[in-house]
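In: next input, structure requested:
(chains A, B, C and D)
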There are 2 protein chains.
Amino acid sequence: MRLVIARCSVDYTGRLSAHLPLATRLLVCKADGSVLVHSDAGGYKPLMWMSPPCTVREEPERWTVTNKANEQLAITIERIVSDTNHDLGIDPGLQKDGVEAHLQQLLADRCDVLGPGWTLVRREYPTDIGPVDLLCRDADGSHVAVEIKRRGEIDGVEQLARYLERLDRDPLLRPVRGVFAAQEIKPQARVLATQRGIACLVLDYDELRGLEPDTPRLW
Amino acid sequence: MRLVIARCSVDYTGRLSAHLPLATRLLVCKADGSVLVHSDAGGYKPLMWMSPPCTVREEPERWTVTNKANEQLAITIERIVSDTNHDLGIDPGLQKDGVEAHLQQLLADRCDVLGPGWTLVRREYPTDIGPVDLLCRDADGSHVAVEIKRRGEIDGVEQLARYLERLDRDPLLRPVRGVFAAQEIKPQARVLATQRGIACLVLDYDELRGLEPDTPRLW
DNA sequence: TTGTTGATTTCGCAA
DNA sequence: TTGCGAAGTCAACAA
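Out: Numbering: from 1, shown residues only, chains lettered A, B, ... in the order given. Next comes the predicted model:
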């Protein structure tokens, strides 16, 4: 990884055209060829960048970074303040926990959390417009479609409503109720769900994980 | 901006939980308090980060970055390879719109459009608070600073006023007038410009492009 | 402050 | 390879 502090102006032409006036910035050249231009503010997003795969042509006062699609980052360097290189080796990578896929698995394993006596029919139950997260049966044997989100918003309710409309046409499943389950449910989503006769369930991730018989510890 | 190359492990707890095993990585601490953790691959997105506003508590082997919502980034440092600090100053910011950058170039090439006999001194003339788009001389040899925007709003006028205040301190330039040039100038911006003694000029992009001897076609 | 929409979205997974 | 949906989405803008 090469780190350069330089007074430079930058032009990007590609999916759009953009220009950075002359200023002192951080240039990061990664081992995979990608180049980032960072200022001293603005959070994690670079002012400009080129994603790999791409190639850098370096001239004394101008770097030209080009990718396959002929997008171009042209860095005009007026003055180099610092120029260092570090061998970082390969990164073992990120371990994530608590995303939607994980919630889905937890509920699939313990769908009695949704209601007493409930059982799982299938995860990712297919419909002609896509799979429902969970298809369950309640204690009476009636089918229930469950849509799981990390954050429950209005489009998630719409999505579940579309699934329900499809599933309810199937004489082997009918009648099919719906449950909208999320760690957090926005008021508007709750209102719409109620209008559509869909039940809402707020999930406690930590509690769910605690219920799991042998919680797989990632670290 | 502080750049640290360190062998470290990182844990994030907040909207989810995530863990980075021990490896050598780049840590960027920006002036706004934000912290980025980058590996030597993977394009522009950091492996982990904390967006501003946030605070860093630094202990010898542990950095703890916390934000308002109580999300936390815990960086455990095993070995510091490099630790440098650079003062970048404030960034003039991105001209996201290709039209603005193009307008600047068109006017740089044909700054007689601004006034008869006007000549270009320099594009992106540097000041200690960032570069002025154009510095010109009028027919009498007096200096004129030009700020170019696609849509002229009140903050653009303020920006030019700050530049003028700086430039006018320079005995080699003084007196420096200002021109605020844009495709469209909002009434409030015009009023403020008039108050500050700044002239306004509405640009016709298509006409300017037509004036260009050999128009470079970008698309 | 809250909601909505676009992004050089990026990123992962599945067909 | 393509397409779809999630993302610690972020970030600008409107109400």
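In: which phi and psi values does the spatially most distant residue from the centre of chain A adopt?
Out: No residue in chain A sits farther from the centre than A:Pro60, which is 39.8 Å out by C-alpha atoms, centre = their mean. Per-residue torsions, A:Pro60: phi -50, psi -40 (degrees, to the nearest 10).
In: distance check, it against chain B.
Out: For A:Pro60, the distance to chain B equals 19 Å [C-beta to the nearest C-beta, to the nearest Å]. Quick note: C-beta positions are derived from backbone N, CA and C, even for glycine.
In: list the contacts of that residue.
Out: By C-beta atoms under 8 Å, 6 or more residues apart in numbering or on different chains, the contact set of A:Pro60 is empty.
In: any idea of the pLDDT on it?
Out: With respect to pLDDT, A:Pro60 scores 91.
In: and it, how far from A:Leu22?
Out: Distance, A:Pro60 to A:Leu22, using C-beta to C-beta, to the nearest Å: 17 Å.
In: shouldn't A:Asp155 be within a helix?
Out: Yes: counting by DSSP: H, G, I helix; E, B strand; the rest coil, A:Asp155 is part of a helix.
In: quick check: which element contains A:Val56?
Out: Using DSSP states H and E, A:Val56 maps to strand A:54-59.
In: again, but for A:Glu158
Out: Residue-wise, A:Glu158 maps onto helix A:154-167 under DSSP H and E.
In: again, but for A:Tyr44
Out: Going by DSSP H and E, A:Tyr44 is not in any helix or strand.
In: hang on, it packs against B:Pro46?
Out: Yes: using C-beta atoms under 8 Å, A:Tyr44 is in contact with B:Pro46, at 5.2 Å.
In: give me the common contacts of these two.
Out: Counting by C-beta under 8 Å, 6+ apart, the shared contacts of A:Tyr44 and B:Pro46 are B:Leu36.
In: now the residue nearest in space to the middle of chain A: closest residue in space, sequence neighbours ignored.
Out: Nearest to the mean C-alpha position of chain A, by C-alpha atoms, centre = their mean, lies A:Val99 at 8.5 Å. Leaving aside its chain neighbours, A:Val99 sits nearest to B:Leu16 (6.0 Å; criterion: C-beta to C-beta, 6 or more residues apart in numbering or on different chains).
In: who are the neighbours in contact with the one you found?
Out: A:96-99 are the contacts of B:Leu16 under C-beta under 8 Å, 6+ apart.
In: tell me the one of those residues nearest DNA strand D?
Out: Here the nearest of the contacts of B:Leu16 to DNA strand D, counting by C-beta to the nearest atom of the strand, is A:Val99; it sits at 3.7 Å.
In: who in chain A is up against DNA strand C?
Out: Contacts of chain A with DNA strand C, taken as C-beta under 7 Å from any atom of the strand, map to A:12, A:14-16, A:18, A:46, A:48-51, A:71, A:73, A:154, A:186-188.
In: circling back to that earlier point, by pLDDT, give me the weakest of the contacts of B:Leu16.
Out: pLDDT across the contacts of B:Leu16 is at its lowest for A:Gly98, which sits at 79.
In: what about that one, distance to A:Ala181?
Out: 15 Å.
In: distance between stretch A:94-110 and the chain's centre?
Out: Stretch A:94-110 sits 14 Å away from the centroid of its parent chain (C-alpha atoms, centre = their mean, to the nearest Å).
In: same question, stretch A:183-192
Out: Distance of stretch A:183-192 from the chain centroid (C-alpha atoms, centre = their mean) equals 20 Å.
In: hey, what's the closest residue to A:Leu173 other than its chain neighbours bridged with?
Out: Closest residue in space to A:Leu173, ignoring its immediate chain neighbours: A:His143 at 4.8 Å, by C-beta to C-beta, 6+ apart. Under DSSP bridges, the beta-bridge partners of A:His143 are A:Arg137, A:Val176.
In: go on, A:Arg2?
Out: A:Cys29, A:Asn85.
In: quick one: it and A:Val28 touch, right?
Out: Yes: using C-beta under 8 Å, A:Arg2 is in contact with A:Val28, at 7.4 Å.
In: who has more neighbours, the two?
Out: Shown here are A:Arg2 and A:Val28; by other C-beta atoms under 10 Å in any protein chain shown, A:Val28 has more neighbours (22 against 15).
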